[in-house]
Structure formats: structure tokens, C-alpha cells
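Student: Task: produce atomic coordinates for the following.
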Amino acid sequence: MAEKVTIATVARHARVSRQTVSNVLNTPHIVREETRQRVQEAIAVLGYRVSQAARQMRTGRSRLIAMRIEPTRDGINGSVLDRFLHGLTEAAEVAGYRVLLYTAGDTEREIVAYDDLLSAYDLDGFVLTGTDHGDARTTWLARREVAFVAFGRPWDDPTAHPWVDVDGAAGTA
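Tutor: Residues are numbered from 1 along each chain as shown. This is a model prediction of the structure:
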């Protein structure tokens, strides 16, 4: 079995410190071009991959966001949510995040899922697919200062929480 490639392995190969390798990975603009290229070549040659567990310990962030998937819907709602999920996943990947999907039968079970997921994965946030008047989910998340965004406008106050929605006027046009 091959030895696990670590930052120390890359540093030895590139003849730099572990901190320099870390800087190339996290703040490359502060590293001289020649040194950055040497480290990047070592990373490629050795096949180094960032340890997400180590990064999470250092930063306190999991780089995971969670979204509930619901049973298949017919018509435009299913199509819009399908496209939204694909767009969310692609945008998350570009930003260095992954999307974790979960199911829940109702609001009460969804809140239980929030608690379970936060305990198990220390998620960075949630995406809600719509909200209701007096939504218990948004209240639960806000009280615990858990980051979230809703796909769909808030019912009463557009500043109540972060949200995104389709542009109905542009879609109709």
C-alpha cells in the first residue's frame, strides 16, 4: 500500500515548508510565482488531495450545505426544483462546497433532521425549498443562528431571511 501523501510529503518534494504548501493551497497570492509553481507541480506529481477532515478541524467549517428533497412533483414545480438543485450543486462545487440531500415527511421531522445533521456533520447551512406563514423551520434555524436561505420569497417581510426565487416576469416573457 502506498504512503499517504500529506502536506509534509509535498513540502519535502518541493523543498519548501509545510506552511508554504498551506499558503499555496489557501492564499496563493502571497507566495512567489516560482515557489507556487514548484509546489503545484509537486501536488500534481504526488497526487496530493486536501483532507477535508483536517480543513474542517482548522477552519471550523464543513463546506457542506444541506437541502431537503421532496417526492417528485408533476409539471412546472418539479422541473423548476430539478433545475434549481442542479444549479445549486454546480454553484456549490465552484465555491468549494458539497450539497448533502436529506428527506423528511413533514416540518416536525425536518426540524429533527436539522438537529441530527448539525450534530453529525456540523453543516455550514441549509437551503429550504419554500416557506410557509409562520414557518417553524425558519424560526428554529434563526434562533440557533444557523445559516440558511429559502428558495422562494418570505411571506410577509422580504427582509426576514435570505432568499432566492425565479424571475416570473422574465420567465413569462
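Student: Show me the longest helix that occurs in the protein.
Tutor: For the chain, the longest helix by residue count, based on DSSP state H, is helix 75-94.
Student: in that helix, what's buried?
Tutor: Neighbour counts over helix 75-94 (16 or more other C-beta atoms under 10 Å) mark 81, 84-85, 88-89, 92 as buried. Using the backbone N, CA and C atoms, a C-beta is placed for each residue, glycine as well.
Student: what's the answer for stretch 153-161, then?
Tutor: Buried-residue list, stretch 153-161, by 16+ other C-beta under 10 Å: 154, 161.
Student: just stretch 14-27 next, same as before
Tutor: If you call a residue buried by 16+ other C-beta under 10 Å, then stretch 14-27 has these buried ones: 14, 16, 20-25.
Student: and what of stretch 110-120?
Tutor: 110-111, 113-114, 117-118.
Student: Ok, stretch 35-50 next?
Tutor: Of all the residues in stretch 35-50, those buried under the rule 16+ other C-beta under 10 Å are 35-36, 38-40, 42-43, 46, 48.
Student: three-state assignment of residue 100?
Tutor: Secondary structure, DSSP: H, G, I helix; E, B strand; the rest coil: residue 100 is strand.
Student: State the distance from residue 37 to residue 14.
Tutor: Distance of residue 37 to residue 14, computed by C-beta to C-beta, to the nearest Å: 9 Å.
Student: I should have written residue 100 there, sorry.
Tutor: 34 Å.
Student: how about the helices of this structure, start to end?
Tutor: 7-14, 18-26, 33-46, 52-59, 75-94, 107-121, 136-143, 168-172.
Student: picking that back up, kindly calculate the angle that the longest helix of the chain makes with strand 98-102.
Tutor: Here the directions of helix 75-94 and strand 98-102 differ by 140 degrees (axes from the mean of the first three to the mean of the last three C-alpha atoms, to 10 degrees).
Student: contact partners of helix 75-94?
Tutor: 65, 67, 69-70, 72-73, 98-99, 127, 129, 151, 166 (C-beta atoms under 8 Å, 6 or more residues apart in numbering).
Student: Just give me the neighbour total for residue 163.
Tutor: Residue 163 is flanked by 18 other residues according to other C-beta atoms under 10 Å.
Student: what do you get for residue 98?
Tutor: 13.
Student: Surely it is in contact with residue 67?
Tutor: No: applying C-beta atoms under 8 Å as the test, residue 98 and residue 67 come out as separate, 11.1 Å apart.
Student: Give me the below-cutoff pLDDT ranges for the protein.
Tutor: Counting by pLDDT under 70, the ranges of the chain that qualify are 1-2, 51-62, 72-77.
Student: Let me see the contact set for residue 151.
Tutor: Shown in contact with residue 151 (C-beta under 8 Å, 6+ apart): 81, 84, 127-130, 163-165.
Student: Good, wrapping up.
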